[in-house]
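Peer 1: For reference, the sequence and a predicted model appear below.
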Amino acid sequence: MPMPNDSHMTGLIEPQVNIWRRLHGYYQRRSASFLFRRPLVINAQRPLISFTFDDFPRSALHTGGAILNRSGLAGTYYACLGLMGGETATGKLFNADDLKILIDRGHELGCHTYSHCHSWVPTRGHMKNP
Ligand SMILES: [Zn+2]
């Protein structure tokens with residue numbers, strides 16, 4: 001859905017556009033949860049917890065993952081390969097060797113797109129050839 005003023009938006013967002021963006025985001029979230037649901041019934045006898053790491057720094061695997069493994073647990077690491085080897089405020093991000101290590105240690109590797117794009121924005125061609 002085209003959004004007004006998108007082509008010239010830079011810097012501050014005008015209040016009217018901000019309201020439009022918020023409504024647009026609300027519509028996207030609501031329609032996605034309505035259209036793309038895959039309900040799953042889990043009859044757990046006790047509470048469940050999932051440990052997930054998004055765009056994970058190396059410490060999430062080598063420190064956090066080690067803590068999980070010591071307790072017989074594993075985590076899920078969502079990796080955006082376009083960010084591999086980078087550095088953020090949380091530290092150095094994962095590298096190629098870390099991906100093999102996390103699998104070897106029983107963790108799960110999740111895909112997080114290559115370029116970390118918002119799934120609503122790109123065209124079909126962008127998703128095929130980022
Ligand atoms: Zn992310």
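Peer 2: Sure, I can see it.
Peer 1: Tell me where this structure has helices.
Peer 2: 15-35, 58-59, 66-70, 96-104, 124-128 (DSSP state H).
Peer 1: so what secondary structure elements neighbour the second one?
Peer 2: Here helix 58-59 is seen to pack against strand 91-92 when contacts are counted using 3 or more C-beta pairs under 8 Å, 6 or more residues apart in numbering; DSSP states H and E. Every C-beta, even on glycine, is put in place using the N, C-alpha and C of the backbone.
Peer 1: Just checking: what are the partner strands of the strand it packs on?
Peer 2: Its sheet considered, strand 91-92 pairs with strand 87-88 (antiparallel) by DSSP bridges.
Peer 1: Just give me the neighbour total for the nearest residue to Leu73 once chain neighbours are set aside.
Peer 2: Nearest in space to Leu73, with sequence neighbours left out and distances taken as C-beta to C-beta, 6 or more residues apart in numbering, is Phe51 at 6.9 Å. Using other C-beta atoms under 10 Å, Phe51 has 16 neighbouring residues.
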